[in-house]
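Novice: structure for this input, please:
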Amino acid sequence: MKRNSLDLCSLILKEQATPHLYSNDWMRQRKHVLRELQSLPLKTKILLTRSLIKEAIETFGCEYIYISFSGGKDSTVLSHIVRQIYPEMLHLFADTSCEYPETISFIQEMQASGVNIEVIIPTDRQGVLWTFDRVVSEQGYPLFSKTVANGIRTYRHAKTEITKQNSIDYMSRRFPSYLPYLNLNISDLCCEKLKKGPLKRAAHKAGMKCSMIGTLAEESQTRERDWLCNGSNIFFVKKDNQCRPLSFWTEADIWAYIQQFNVPIATLYSKGYERNGCMYCGFGIKSEKRRKGINRFERLNQTHPQEYLHMVSRYRDLFDTCKIEY
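Specialist: Numbers count the residues shown, from 1 in each chain. Below is the predicted model:
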């Protein structure tokens, strides 16, 4: 029997995953619940999302919650919904040094309209500025996917031969086609250095207790599994409390909401981009080429030639070695 909206709302708000329930049957049941949620009409999803937001506010207090804001369409929709309830909600935005100009302009427009956005300039724990070029130089380039890049980084920085061999075994099982790239300067730490780390430190310094994040479970297997195991609101389970009230939305829902409520978004999307983020990020770039016939590096050449030349002048050799089209 199909659950009604009230039952689904109760499920999102109250059901908590417990480790001993991580069985195949339980995971299948959770996937079924997620598909039910994703198939709900937009009107019902908005109500469920507002309920999740209110639960976070009731748990931590409005003054102790912030929106992790990227300037992209998903976090813009989240901001729009939140500000209808709590207009003064703090937004934290990390300027990674390689944001699209349209994203920066959009952030400035929102600030001028009265949205409470604080721009964070990424630094390390010693206060030294992080830039994309510095991250690549010291850690490695974000290429292929986070999982593949993590495997390459683990191999390159292994402190023991056992760890190195474990990395080879892992890559051989999971990603054998990427074994030729194990010694290249590739890493998954870019986002940690330019966004996650600086935002968490800024939030901690400001006394924040919970972040609101506009991620969707459908975006990746990792995010889907995270929802299956934890739900939308993750309170007092992990090190950081998170409210992810759009988890069960789809990209089609995001666009439908933008159109229905006439929500302004960054002009970057009118230039053919599916996402904003960092201009030079190489995660998912090969699958993007297969799906769209053009990847973001090739599109960058068309839309932002100056930024494109900066990227190619520094990283052409790596792209050529990895057979990345640009």
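
Novice: neighbours of residue 96, how many?
Specialist: When neighbours are counted by other CB atoms under 10 Å, residue 96 registers 26. C-beta: built from backbone N, CA, C; applies to glycine.

Novice: residue 151 too?
Specialist: Per other CB under 10 Å, the neighbour tally for residue 151 reads 24.

Novice: quick one: contacts for it?
Specialist: With contacts defined as CB atoms under 8 Å, 6 or more residues apart in numbering, residue 151 is in contact with 167, 170, 171, 174, 175, 178.

Novice: next one: it, what pLDDT does it get?
Specialist: pLDDT recorded at residue 151 is 96.

Novice: residue 21 now?
Specialist: pLDDT, residue 21: 62.

Novice: quick one, phi psi at the most centrally placed residue in the chain?
Specialist: What sits nearest the mean C-alpha location of the chain, by CA atoms, centre = their mean, is residue 215, with 6.1 Å. The phi and psi values for residue 215, taken as degrees, to the nearest 10, are phi -90, psi 150.

Novice: is it true that it touches residue 74?
Specialist: Yes. Between residue 215 and residue 74 a contact is recorded at 7.1 Å, counting by CB atoms under 8 Å.

Novice: what sits in contact with each of the two?
Specialist: Common contacts of residue 215 and residue 74, defined by CB under 8 Å, 6+ apart, comprise residue 246.

Novice: just the strands in this protein please.
Specialist: Secondary structure of the chain (DSSP state E): strands at 65-68, 90-94, 117-120, 143-144, 210-212, 233-234, 241-243, 282-283.

Novice: return the list of helices and strands in contact with the last one.
Specialist: With contacts defined as 3 or more CB pairs under 8 Å, 6 or more residues apart in numbering; DSSP states H and E, the secondary structure elements packing on strand 282-283 are strand 143-144.

Novice: and for the closest residue to residue 158 other than its chain neighbours, the neighbour number?
Specialist: Excluding the flanking residues, the one nearest residue 158 by CB to CB, 6 or more residues apart in numbering is residue 164, at 3.8 Å. Residues near residue 164, counting by other CB under 10 Å, number 16.

Novice: distance of the closest residue to residue 144 other than its chain neighbours from residue 136?
Specialist: Nearest-residue entry for residue 144: residue 178, 6.5 Å, with adjacent residues in sequence omitted and distances by CB to CB, 6+ apart. For residue 178, the distance to residue 136 (CB to CB, to the nearest Å) stands at 18 Å.

Novice: quick revisit: kindly provide the distance from the residue nearest to residue 158 to residue 112.
Specialist: Taken as CB to CB, the span from residue 164 to residue 112 is 52 Å.

Novice: this completes my enquiry, with thanks.
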